[in-house]
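**Q** following is a predicted model, sequence given first.
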Amino acid sequence: MNSRDQSVESADGTRLVVRRLGVGDPIILVHGSGGGLHSWATVAEHLADDHEVWLPARRGYGPSDVPAGTKSFRDETADLLAVIDAARQSSSRPVHLAGASYGATLALHTALADPRDVRSLAIFEPPLFAAGAEIAPLLDRYRAAFERDDAVAMAAALNDVTRVPAEIVAAIAAGAADRVPDPVEARRSAIGWLHDLEALAQDSTDIARWSAIAVPTLLLAGADTWEPMPTTMDTLARTIPAARYVVWPGQSHFVTMTAPTLVADALRQFFVEAPAAQPGG
């Protein structure tokens, strides 16, 4: 499937690079921390037969701009609204919005801030427990490690943010033992993580605020993802009115990579059932 990249300018002038592929109703797939244009790639390929898929690289992640100063969800909400506006203008149809992990938290913020051009919302495991004051010291640890380019210390700080169990961390490390990371890509990812932590440290763990989301919403989770994610997702499912909640047996936080067909099929079915778009409306 051929893809094409374009730039979208956010309200503050930040340049965002967006990859587009496919034809049909627009869907925007928002990547999580440490991701980029590649994060949803395989899922996007499965959806591109009947949807125009937009894959933005969030601010701080190459090849999009890395603005000076700290980042907040207000900045990223403005960014995502600019991408939604571009997709809306291109197709004359409202968009399906889907996010994974940190990208899911951003999608929640965006759907709450301005849902006018959002036809449906799909949320996969947002780390709503990782926010606010308890993240501030972890941000400080990460920033210090980042400034001395200490990859081991950066990873340790991130593990404390995400609360990945030690056995899973060890398994991931063993699986990557023979791979030599590209230093440019590794640094881009590290920069993106730094700015994501800045936004998380300014955010709140208040899940009740998402009760105001009124667009059709699909919540997705893996049954094998570690706590506190299952408890967080159960609470979110009780909070968003009429949200549909799907938990995949045998899957975890990495399902977009390990089972992309499963993810694409769930999204496609949900999109089919979402209220019809109003052309030009």
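**A** Great, that's in hand.

**Q** and the residue nearest the centre of the protein?
**A** In the chain, the centroid-proximal residue (CA atoms, centre = their mean) is Gly103; its distance is 1.7 Å.

**Q** surely that one touches Gly32?
**A** Yes - at 4.8 Å, Gly103 and Gly32 qualify as touching, with contact defined as CB atoms under 8 Å. All C-beta atoms are positioned from the backbone trio N, CA, C, and that covers glycine.

**Q** common neighbours of those two, please.
**A** Among the neighbours of Gly103, those also in contact with Gly32 (CB atoms under 8 Å, 6 or more residues apart in numbering) are Ser39.

**Q** show me what contacts Leu262?
**A** By CB under 8 Å, 6+ apart, Leu262 lies in contact with Trp248, Gln251, Val255.

**Q** all helices of the stretch 51-200 of the chain, in order?
**A** For the stretch 51-200 of the chain, the helices defined by DSSP state H, counting those that start in this stretch cover 73-91, 102-113, 136-147, 151-162, 166-175, 183-202.

**Q** got a list of contacts for the shortest one?
**A** Right, the one you point to is helix 166-175. With CB under 8 Å, 6+ apart as the test, helix 166-175 has contacts from Asn159, Trp226.

**Q** between the helices of the stretch 51-200 of the chain, which gets nearest to Pro26?
**A** Taking CB to CB, helix 73-91 is the member of those nearest to Pro26, at 4.2 Å.

**Q** give the other helices and strands that that closest one contacts.
**A** strand 3-9, strand 15-21, strand 25-30, strand 51-56, strand 95-100, helix 102-113, helix 183-202 (3 or more CB pairs under 8 Å, 6 or more residues apart in numbering; DSSP states H and E).

**Q** tilt between it and strand 3-9?
**A** Between helix 73-91 and strand 3-9, the angle comes out at 120 degrees (axes from the mean of the first three to the mean of the last three CA atoms, to 10 degrees).

**Q** what's the mean pLDDT across helix 73-91?
**A** Helix 73-91 carries an average pLDDT of 97.
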